[in-house]
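Student: sequence below, structure please.
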Amino acid sequence: MTMPGSTMQKRMLAAMRPATLGDEPVRWQQRKSAQTRLKMLEAAVDCLVSGGYAGLTTAQVAERAAVSRGAMHHHFATRIELVAAVVDHIFYQRIRLFLDDYLGAMAQRGDEELIDLATQAHWRSVQTREYAAYLELAVAARTDAELNAAFEPAARRYDEVWTAEMIESFPQWRDQWHAMKLGSDFAIAVHSGLLLHRPVFGQDRIDMVLKLSMQAISALYKS
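Tutor: As a prediction, this is how the structure comes out:
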């Protein structure tokens, strides 16, 4: 059975689309404003990757995005407004990039080995700058209540969208729903752990763990 990838992609992106984006801008001034805002959010991702959460300030973002303090204040009056927008942006970009990668691989391979394709695409997704920024936010949110107020609801929404879409898009596995969810959770936990331990483990050990985790996930669907 071939999964309607484009339909799945539209549903998931619509569910994760930041509310602040609104409808697609049609007027030139609106498009310019949206482009400036996007440039700031991308600069904020770079700030997170290079300097952690402490480096995510309106001044640093304005400098990296090459915009004036006035323009920065127009879009994000306070740091927490910027932080909340960055959180939504990162979760949206994570799911967009994963879907682009996974659906591209699926188009080349057909509907065979979908579990393997999804697992491999997820491992690639945790090695992106967006995921690096996500990790910085996740760690900082543990001790920063203001950040966590924005981060935790977005993380829960991401998980809910992911879970709901698996049920919708893989009807052939509904009888194995618990195995599919467990396999997904297992892959997420293993991949994030490997990423954090990569400097110590080295590539050979990582490859062995990836192979073992793939075998374990495949076994869930054969039991």
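
Student: so where's the protein shaky on pLDDT?
Tutor: Residues of the chain meeting the criterion pLDDT under 70: 1-5, 19-26, 28, 110-112, 169, 171-173, 223.

Student: and the longest helix belonging to it, what does it pack onto?
Tutor: Longest helix in the chain by number of residues, with DSSP state H as the criterion: helix 177-220. The contact analysis (3 or more C-beta pairs under 8 Å, 6 or more residues apart in numbering; DSSP states H and E) places helix 177-220 against helix 114-125, helix 129-141, helix 145-169. The way it works is simple: take the backbone N, C-alpha and C, and place the C-beta from them, glycine included.

Student: quick one, it and helix 145-169 angle?
Tutor: Here helix 177-220 points in a direction 80 degrees away from that of helix 145-169 (axes from the mean of the first three to the mean of the last three C-alpha atoms, to 10 degrees).

Student: show me what counts as buried in stretch 46-58.
Tutor: Across stretch 46-58, burial judged by 16 or more other C-beta atoms under 10 Å covers 46-49, 53, 55-58.

Student: chain neighbours aside, what residue packs nearest to residue 165?
Tutor: residue 12 (5.3 Å; C-beta to C-beta, 6 or more residues apart in numbering).

Student: burial check on the one you found, number of neighbours?
Tutor: Each residue near residue 12 was counted by other C-beta atoms under 10 Å, and the total is 22.

Student: pick out the residue nearest the middle of the protein.
Tutor: residue 94 (2.2 Å; C-alpha atoms, centre = their mean).
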